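>>> structure for the following, please:
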Amino acid sequence: MYWTRNETKEVNMNAAIDNTTLIPVVTPFFDAESNTFSYIVKDPSSPACAVIDSVLDLDYASGGVSHEGADAIIKFIRDNELKIEWIVETHAHADHISAGHYIRDEIGGKLAIGEQIKTVQKVFGGIYNIDDELAHDGSQFDHLFIDGETYKIGNLEAHVMHTPGHTPACMSHLIGDALFVGDTMFMPDAGTARADFPGGDAATLYRSIHKLLELPGATRVFMCHDYGPNDRELEYETTIAEERERNIHVKDSVSEDEFVRMRTARDKTLGMPHLILPSLQVNVRAGEFPKAEDNGLVYLKIPINAFK
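Got it, this is the predicted structure:
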């Protein structure tokens, strides 16, 4: 399922976004099971594109895996004669399995994530007891982004910002005038992501978000998730100015101490994401499942009481 709503234009912005910035064409795709938005980000001056935070379909009850969501992205790229250059993971997701590995095998592109994935691999390699089969060097990915790195999508310039707090490996990507924040923050009426996963930290999350909020107010901000609080329609796009003015957790009037108290208390009330147990052990492998066993079946592990 996708919506298209952005046109090509040029704007005059300051700081990280100057008056030569190309404005990417952003097409969102929505996965209802995990409330995840994935994106195709296209260079307006060429066929080049990137895919951000793709989702593999998993029926947890049956163990069935399918590729409906990923195939919709692939079809869009093929139908519009686009050239995929990057498949970006903003972090190792705990609420869905990445389709990055599948998309790369089907249509190419470099599969990339932040270099701190190595820390996440060490933590969850131990939790799942898969250290003998999981290298902790990020080699499962084609590229590991570092903080401050710049890369290209055709003629579009993209900047990488390390924004830990939700997880140690969270990266935000400023592509033209469009900022992709992963799970760092949500729409203004939904606030921010949790900070109680292994390696997460509320104070660190606050500082990461405020680094993003220093970007020009007109910067478009694209969500990885939306849950439609108070029964509103789903939304996926806002601006830095709107986040600074209205975000219920981190607007300008909220101090770091206030945020940490709120975030810590709120996180204690939250249950684990429905798909956390299957997702993390696959996502630290760049979306590749473990090898089939001698009976031809693939198995995932359920670590008892690991997240109790």
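>>> show me where this protein has helices.
68-79, 100-107, 117-127, 202-212, 240-246, 256-267, 276-283 (DSSP state H).
>>> contacts only, for the residue nearest to His143 when sequence neighbours are not counted.
Leaving aside its sequence neighbours, His143 sits nearest to Ala112 (CB to CB, 6 or more residues apart in numbering; 4.0 Å). The way it works is simple: take the backbone N, C-alpha and C, and place the C-beta from them, glycine included. Neighbouring residues of Ala112 by CB atoms under 8 Å, 6 or more residues apart in numbering: 86-89, 141-145.
>>> quick one: low-confidence parts of this structure?
Filtered on pLDDT under 70, the chain yields the residue ranges 1-21.
>>> so which of the helices of the chain is the most packed in?
Ranked by mean neighbour count, the helices of the chain are led by helix 276-283 with a mean of 22 (mean count of other CB atoms under 10 Å).
>>> helices and strands around that helix, which ones?
Using 3 or more CB pairs under 8 Å, 6 or more residues apart in numbering; DSSP states H and E as the contact criterion, no helix or strand is in contact with helix 276-283.
>>> and Phe141, how far from Ala135?
11 Å (CB to CB, to the nearest Å).
>>> if I look at the residue nearest to His143, how far off is His166?
Relative to His166, Ala112 is positioned 18 Å away (CB to CB).
>>> chain center to stretch 155-175: distance?
Chain-centre distance of stretch 155-175: 9 Å, with CA atoms, centre = their mean, to the nearest Å.
>>> quote the end-to-end distance of that stretch.
Using CA to CA, to the nearest Å, the end-to-end distance of stretch 155-175 comes to 11 Å.
>>> please apply the same query to stretch 126-134.
In stretch 126-134, first residue to last residue: 10 Å (CA to CA).
>>> give the buried residues for that stretch.
For stretch 126-134, a neighbour-count test (16 or more other CB atoms under 10 Å) marks 127-128, 130, 134 as buried.
>>> so Lys211 touches Met161, yeah?
Yes: if you go by CB atoms under 8 Å, Lys211 and Met161 touch, sitting 6.6 Å apart.
>>> now do the shared contacts for those two.
Counting by CB under 8 Å, 6+ apart, nothing touches both Lys211 and Met161.
>>> so what's Pro303 closest to, chain neighbours aside?
Nearest residue to Pro303, sequence neighbours excluded (CB to CB, 6+ apart): Ile127, at 5.5 Å.
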